[in-house]
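**Student:** sequence-free structure coming up:
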Ligand code: DOR
């Protein structure tokens, strides 16, 4: 399909920017939305999409993924990851720097951008990773959605765990700092204390709630001292949520993952090391507090932290088993299933998974169905349920912690920059995403 083709989506339940769902038509010309009305008369040149019974949402923007390229392509690569994205309704992603080589320089960032341009079906942005020594790169590397600091749960150059190392990063520059907030000192101490235990449930004890709270407190303290834009990645505990409820400056944003909302320490019994991630899953009580914080706006949006590892790697006994789980192809259906069951609304899900992300990262013209906005759109089916099946997954790692979950809201059609990239199990692998822009 050429970029001059027009698409006309007919009879969709359209999620409008005011949060209302309204039956109507949407015209797309080139890569933009050009008309929204209750009825649009087709032109001869329109390719018509019959959306009867489907709901039209802005494409999901996933603000935290690990897509493993370059260097770890046996787990995932930018092509397989983008197939997983379009089938899950994700049209843009922000990717993390723990690849090989690490994304800690302009050259490494340029390399990722080039790889993505050649093989990604969706839009992409990359974080620049902080080390204790790359302050200048952190300030100058472009385009980057922000700086990533692993305060804990990492190793090698990307681990920046002491206040003395972290403070200069907050002190210099203006761009967004996203933190993986876990206290590495405490984790190391507790690893020693619990050494020799191979039950993966111990992971949640070793990297405990206090470890998460300590690091979040430190990041907040430094953010306040320098009035520095801070984003707290994958919040996992109720105690952090309650702290932020009391004390969250206007320049701080917070995200949560579907797994920290929907899985918990009971998951280790069911799926063993597949439930192992960082920060770890917490108790069911934490699920409830995180949900409330999300509903109340203490937590701003949702990310998957898609972090694939092969089943072989995951089959190693704890603690050799690596932490992380895939998420991009199940996140939207998981959340829409929650909406369908009455826990939240479809409009809230779309805000958490698209609109609020675009706003927080300053991504222009995305995250809403409005004239002039980019035509990154998804049609989802909220009437039928279908289980998560291993054989249908597109992620290279080939598993999901949610296998067997019966979900609704599965993406039927994904439109990327005005082109149909995915339609009911079929991909148009010619479609390419673009580098995202970030306004600081
Ligand atoms: O569980 C995790 N795995 N958490 C992270 O933050 C990193 C990730 C990975 O890259 O495997």
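**Tutor:** Right, received. Where do you want to start? All of these numbers come straight from a predicted model, not from anything done at the bench.

**Student:** Strands of the stretch 51-200 of the chain, start to end?
**Tutor:** 55-58, 60-65, 90-95, 123-126, 128-129, 147-150, 177-180 (DSSP state E, counting those that start in this stretch).

**Student:** which helices and strands does the first one pack with?
**Tutor:** Looking back up the chat, that one is strand 55-58. Packed against strand 55-58 by the contact rule (3 or more Cβ pairs under 8 Å, 6 or more residues apart in numbering; DSSP states H and E) you find strand 6-15, helix 346-350, strand 377-387. All C-beta spots, glycine's among them, are computed from the backbone N, C-alpha and C.

**Student:** buried sites along the next helix or strand along the chain from the longest one?
**Tutor:** Scanning forward in sequence from strand 377-387, with DSSP states H and E defining helices and strands, the next element found is strand 406-416. Judged by neighbour count (16 or more other Cβ atoms under 10 Å), strand 406-416 contains these buried residues: 407, 408, 409, 410, 411, 412, 413, 414, 415, 416.

**Student:** Need the residues you listed in JSON lines (columns: distance to the ligand and pLDDT).
**Tutor:** Formatted as JSON lines, those follow (distance: Cβ to the nearest ligand atom, whole Å; pLDDT from 0 to 100):
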{"residue": "407", "distance to the ligand": "22", "pLDDT": "99"}
{"residue": "408", "distance to the ligand": "27", "pLDDT": "98"}
{"residue": "409", "distance to the ligand": "25", "pLDDT": "98"}
{"residue": "410", "distance to the ligand": "25", "pLDDT": "98"}
{"residue": "411", "distance to the ligand": "24", "pLDDT": "99"}
{"residue": "412", "distance to the ligand": "30", "pLDDT": "99"}
{"residue": "413", "distance to the ligand": "31", "pLDDT": "99"}
{"residue": "414", "distance to the ligand": "25", "pLDDT": "99"}
{"residue": "415", "distance to the ligand": "30", "pLDDT": "98"}
{"residue": "416", "distance to the ligand": "25", "pLDDT": "98"}
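
**Student:** Just the closest of these to residue 239, please.
**Tutor:** residue 407 (30.1 Å; Cβ to Cβ).

**Student:** got a list of what that closest one touches?
**Tutor:** Contact analysis of residue 407 by Cβ atoms under 8 Å, 6 or more residues apart in numbering lists 330, 333, 334, 336, 337, 385, 386, 387, 388.

**Student:** ok, for the fourth one, nearest residue in space, not its chain neighbours?
**Tutor:** Of all residues not flanking residue 336 in the chain, residue 409 sits nearest, at 2.6 Å (Cβ to Cβ, 6 or more residues apart in numbering).

**Student:** got it, and the first one?
**Tutor:** Leaving out its chain neighbours, the residue that sits closest to residue 330 by Cβ to Cβ, 6+ apart is residue 402, at 5.0 Å.

**Student:** Tell me how many other residues crowd that neighbour.
**Tutor:** Number of residues near residue 402 (other Cβ atoms under 10 Å) recorded here: 23.

**Student:** gap between it and residue 108?
**Tutor:** Here the criterion is Cβ to Cβ, to the nearest Å. By it, residue 402 lies 32 Å from residue 108.

**Student:** and what of residue 73?
**Tutor:** According to Cβ to Cβ, residue 73 stands 16 Å off from residue 108.

**Student:** between those two, which one's more packed in?
**Tutor:** residue 108 (21 against 16).

**Student:** which ones are touching the nearest residue to that one once chain neighbours are set aside?
**Tutor:** Leaving aside its sequence neighbours, residue 108 sits nearest to residue 101 (Cβ to Cβ, 6+ apart; 5.4 Å). Contacts for residue 101 (Cβ under 8 Å, 6+ apart) come out as 70, 71, 108.

**Student:** hang on, isn't the first one packed against residue 114?
**Tutor:** No. Between residue 70 and residue 114 there is no contact, the gap being 10.4 Å when judged by Cβ atoms under 8 Å.

**Student:** Do you know the pLDDT at residue 60?
**Tutor:** In this model, residue 60 is scored at 99, pLDDT.

**Student:** Could you shift the numbering so residue one becomes 36, and keep it that way?
**Tutor:** In the new count, where the first residue is 36, that last one comes out as residue 95.

**Student:** Scan the protein for its longest helix.
**Tutor:** helix 244-261 (DSSP state H).
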